[in-house]
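Enquirer: Provide a 3D model corresponding to the input given below.
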Amino acid sequence: MTRPAVEVADIFRDHGAAWREANRGHVSLDQMTVMSAIERCRTAALGGHVARCENDACGHLHIAYNSCRNRHCPKCQAAAAQEWLEKREAELLPVGYFHVVFTLPAPIADIAYQNKRVIYDLLMKASAETMITIAADPKHLGARIGITAVLHTWGSAMTHHPHVHMIVPGGGISPDGSEWIASRKKFLASFRVLSRLFRRLFIEKLVKAHGDGHLNFYGQRASLADRARFNAFLRPLRKVEWYVHVKEPFAGPEAVLAYLSRYTHRVAISNRRLVSADSNHVAFRYKDYNADHAERWKTMKLSTDEFIRRFLSHVLPKGFHRIRHYGLFANGNRADNIARARELLNAQVPAKDNADDDTDAEPDEARALNFPCPCCGGRMIIIEVFAAGMDPKHKPNPEAIDSS
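Expert: Model prediction:
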C-alpha cells in the first residue's frame, strides 16, 4: 500500500507538543489520549512483529508495528470497519433500504460543542424515536422497523456539524408479528412530517436536560444557564424547519454494505485527503456542496494550529457509542427479530463463509501473514513478536518496514 505524502500522525508528531503547550488548560483528557494514540500508532512505541519468507533461498524479512486501534485514528479504521461489516452482512434483509439524515440546527450545534455527551445522545435518540413513531402510525406504515444509526460530527472542512446517518429497511413487521409490511417507494412520510416531529421530540428532551441540570454553558453562552434565557434561545428554533433528508433508496443489500463501509468508521478527515503540510499550514481537499457537481472538490489551507483544533473538536466522549441500533435491530432481540423478518419475507439465511476459519489451521498457518512475500510469493511466517518500546532482534532492510 502506498503511503500518503502526509498523514495526520505526521502533523501531530511534528506540531502536537507545541500545540498542547500553547493550549494548556484547554485540551481535554480525551483529546490528549487521541493525540498520543495517533502519534504512537504503528511505531516502535507500540511494539510489533517480524515475519520471514518461508523460502530459505529468499529469507525476506518484514517488520510491522502494532496499530493504536483508536476509533479516531485515520489509519486504524479499515480493519475495524471490515470486522463490523462482516457481522452485519448476515443481518441484511432482501429488501430496499433508505438512507435518512437528521441534522441539528447551527445554534443547537453551538451548544452541543460544550455538551457533547448529552446533546449527541439526544440527537441519536430523538431521530430514532421520530422514525419509529412515524413507522408505527398506520397512516404511514403501521409496522415495527429496524434502524442502524451512525453519528457524524463534522462537515467536509472539519467544521462542527452534528448529524445522524440512518439506514432503514423499506418495511417492517406488523404489530402482531404476522406479516411483513412494505413501505411506499418514496419512504414513510414527507420531509415536513419527519422534520416537525424530530424538532418537537428533540426540543422536549433538551428542555428536560436543561431543567435537570445536565447542560453546561461557558463563555458567550454562559447566560443560557438561566431558564428564561434558554427558553428565549429556543423560541425561534421552534418555528423553523429542521433539516431531515431522505435519499434515494439503495438498490439492495449489496449497495447498503458498500455504503456502510464508507460511513460507519469514518473519522473527521482521512489521510488521503491531505495535500501538504509544513511548519505553518496544512492543505487538504474538501467538498463544497454549494458548487456545481464537477467543481465540488476544492483545496483548503488552514494554519497548523487550526487544523489540529478542528480535528480534535470531533473527539467523542469516552465510552460514547456512535453506532447504534434501534427498533427491530436493538441489541436485545435483534437475532430473533431478523429471523422472523426473514421468515415473513421467505428469505434464506445467508450461508456462513468458513473460508477464514482458522480453528483447524496448522501452527505455521496461524502465524502466517495474510499477504505473500513481495520477492518470491512465498508465505510470510511470523518469527518474532516484540513488546512496546523494544527493538526487534531481527533487523530487516528499511524498505521492508511497514508503517502504513
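
Enquirer: just the helices in this protein please.
Expert: 8-22, 29-40, 77-89, 106-112, 116-136, 191-211, 227-234, 253-263, 304-312, 334-344, 363-366 (DSSP state H).

Enquirer: Among those, which comes closest to residue 271?
Expert: Residue 271 lies closest to helix 8-22 among those, at 6.2 Å (CB to CB). The way it works is simple: take the backbone N, C-alpha and C, and place the C-beta from them, glycine included.

Enquirer: ok, and what's touching the closest one?
Expert: 27, 32, 35, 38-39, 41-42, 73-75, 269, 271, 274, 277, 279, 282, 304-305, 307-309, 311 (CB atoms under 8 Å, 6 or more residues apart in numbering).

Enquirer: how about 6 Å then?
Expert: Residues outside helix 8-22 that contact it (CB atoms under 6 Å, 6 or more residues apart in numbering): 27, 35, 38, 39, 41, 74, 277, 304, 305, 308.

Enquirer: Taking helix 29-40 as reference, get the angle to that helix.
Expert: Using axes from the mean of the first three to the mean of the last three CA atoms, to 10 degrees, one finds that helix 8-22 and helix 29-40 are set 140 degrees apart in direction.

Enquirer: What's the mean pLDDT across helix 8-22?
Expert: Average pLDDT, helix 8-22: 96.

Enquirer: picking up where we left off before, where is pLDDT lowest across the contacts of helix 8-22?
Expert: Across the contacts of helix 8-22, the member with the lowest pLDDT is residue 74, scoring 91.

Enquirer: State the distance from that one to residue 62.
Expert: 23 Å (CB to CB, to the nearest Å).

Enquirer: ok, the closest residue to residue 283 other than its chain neighbours - contacts?
Expert: In this structure, residue 283 finds its nearest non-sequential neighbour in residue 275, 4.1 Å apart by CB to CB, 6 or more residues apart in numbering. By CB under 6 Å, 6+ apart, residue 275 lies in contact with 283, 284, 299.

Enquirer: can you count the residues close to the first one?
Expert: Residue 283 is surrounded by 16 other residues when neighbours are defined as other CB atoms under 10 Å.

Enquirer: just to revisit the earlier point, spatially, which two of the contacts of helix 8-22 are the most separated?
Expert: Between all members of these, the farthest pair (by CB to CB) comes out as 41 and 305, at 21.6 Å.

Enquirer: Show me which of these two is the more surrounded one.
Expert: residue 41 (24 against 16).

Enquirer: residues in contact with that one?
Expert: Residue 41 touches 9, 67, 68, 73, 75, counting by CB under 6 Å, 6+ apart.

Enquirer: Kindly recompute the last result at 8 Å.
Expert: Contacts of residue 41 (CB under 8 Å, 6+ apart): 9, 67, 68, 70, 73, 75, 76.

Enquirer: what bits of the protein have low per-residue confidence?
Expert: By pLDDT under 70, the weakly predicted segments of the chain are 1-4, 261, 350-366, 397-404.

Enquirer: Tell me who's in contact with the residue positioned nearest the centre of it.
Expert: In the chain, the residue lying closest to the centroid (CA atoms, centre = their mean) is residue 265, at 3.3 Å. Applying CB under 8 Å, 6+ apart to residue 265 gives the contacts 71, 77, 78, 80, 81, 84.
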